[in-house]
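Student: Quick one: sequence plus predicted model below, questions after.
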Amino acid sequence: RITNISQKKQRELSLSIKRARNLALIWAMKVILLENLKKIGSIGEIIDVKRGFARNYLIANQKALYASKENIKQVEKIKVELGKKDLEKKKVAKQIMEKVNDKIFIVKKLVTENKELYGSIKPTEISKIILDNLKVEVKPSLIQPIKEIKTLGTFKIKIDLHSEVQAEIKLKVDTLEQTK
């Protein structure tokens with residue numbers, strides 16, 4: 001209680017605090033993680049996330065379940081199996097990392113007079129370049145250019161293959177000589 005304001009103001013203040021708490025409860029949702037996710041949590045951990053993130057990403061991609069009593073019991077039973085699956089994913093990610101890490105890929109593109117590309121090089125194109133050169137499939141969603149590729153030069157690109165395994169490649173952009 002705050003003593004130097006009127007009772008009416010105190011009631012209004014306490015009501016607004018209650019509303020804010022209720023809104024926080026509405027926006028938050030408890031979920032159980034089925035995978036180790038970087039910066040979020042590990043398998044079997046119960047976390048609070050926003051409803052949209054839970055519904056649209058975690059639950060839609062089978063990375064989490066609603067934290068009901070039945071689901072908590074179910075996850076406790078299959079936690080060892082989920083750990084084995086995660087180790088298998090990590091092993092595959094390490095194999096890909098060994099093939100891809102520290103490689104330099106050369107791309108030839110059309111450029112303007114001031115050495116800028118027509119458009120930019122996106123993760124889907126980088127994924128195709130890796131597939132063509134090394135016969136290794138990397139999902140475009142895992143590829144994260146450190147900065148946008150719109151000019152000539154050499155660019156570092158991070159690839160998050162697993163929550164614990166990251167690779168880095170370099171992409172060298174050269175001019176494509178036009179024949180006139």
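Tutor: On my side now, so go ahead. Numbering: from 1, shown residues only.

Student: Which helix or strand lies directly C-terminal to the lengthiest helix in the chain?
Tutor: Determined from DSSP state H, the single longest helix within the chain is helix 69-100. Following helix 69-100 in sequence order, the next helix or strand is strand 104-109 (DSSP states H and E).

Student: just so I have it, where are all the strands in the protein?
Tutor: Using DSSP state E, the strands of the chain run over 28-33, 46-50, 64-66, 104-109, 116-121, 143-145, 149-151, 153-162, 165-175.

Student: Adding mean pLDDT, write these out as a markdown table.
Tutor: Listed next are the strands of the chain as a markdown table, based on pLDDT from 0 to 100:
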| stretch | mean pLDDT |
| --- | --- |
| strand 28-33 | 88 |
| strand 46-50 | 90 |
| strand 64-66 | 91 |
| strand 104-109 | 92 |
| strand 116-121 | 89 |
| strand 143-145 | 90 |
| strand 149-151 | 91 |
| strand 153-162 | 92 |
| strand 165-175 | 93 |
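
Student: can you put those in JSON lines and add distance to residue 133 and mean neighbour count?
Tutor: In short, each C-beta sits where N, CA and C put it, glycine included. Formatted as JSON lines, those follow (distance: least, Cβ to Cβ, whole Å; neighbours: other Cβ atoms under 10 Å):
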{"stretch": "strand 28-33", "distance to residue 133": "35", "mean neighbour count": "19"}
{"stretch": "strand 46-50", "distance to residue 133": "38", "mean neighbour count": "15"}
{"stretch": "strand 64-66", "distance to residue 133": "35", "mean neighbour count": "20"}
{"stretch": "strand 104-109", "distance to residue 133": "6", "mean neighbour count": "14"}
{"stretch": "strand 116-121", "distance to residue 133": "15", "mean neighbour count": "14"}
{"stretch": "strand 143-145", "distance to residue 133": "14", "mean neighbour count": "16"}
{"stretch": "strand 149-151", "distance to residue 133": "17", "mean neighbour count": "17"}
{"stretch": "strand 153-162", "distance to residue 133": "14", "mean neighbour count": "17"}
{"stretch": "strand 165-175", "distance to residue 133": "10", "mean neighbour count": "17"}
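
Student: Relative to residue 98, which of those strands is closest?
Tutor: strand 165-175 (8.7 Å; Cβ to Cβ).

Student: and that closest one, C-alpha only, in PDB?
Tutor: Extracted in PDB, the C-alpha atoms of strand 165-175 (Å, rounded to 0.1, in the frame of the first residue of the first chain):
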ATOM      1  CA  VAL A 165      27.600 -28.000 -33.700                       C
ATOM      2  CA  GLN A 166      28.300 -25.000 -35.900                       C
ATOM      3  CA  ALA A 167      30.300 -24.800 -39.100                       C
ATOM      4  CA  GLU A 168      31.700 -21.800 -40.900                       C
ATOM      5  CA  ILE A 169      32.300 -21.400 -44.600                       C
ATOM      6  CA  LYS A 170      33.500 -18.600 -46.900                       C
ATOM      7  CA  LEU A 171      31.800 -17.500 -50.000                       C
ATOM      8  CA  LYS A 172      33.900 -15.600 -52.600                       C
ATOM      9  CA  VAL A 173      31.800 -13.600 -55.000                       C
ATOM     10  CA  ASP A 174      33.500 -12.800 -58.400                       C
ATOM     11  CA  THR A 175      32.300 -11.100 -61.500                       C
END
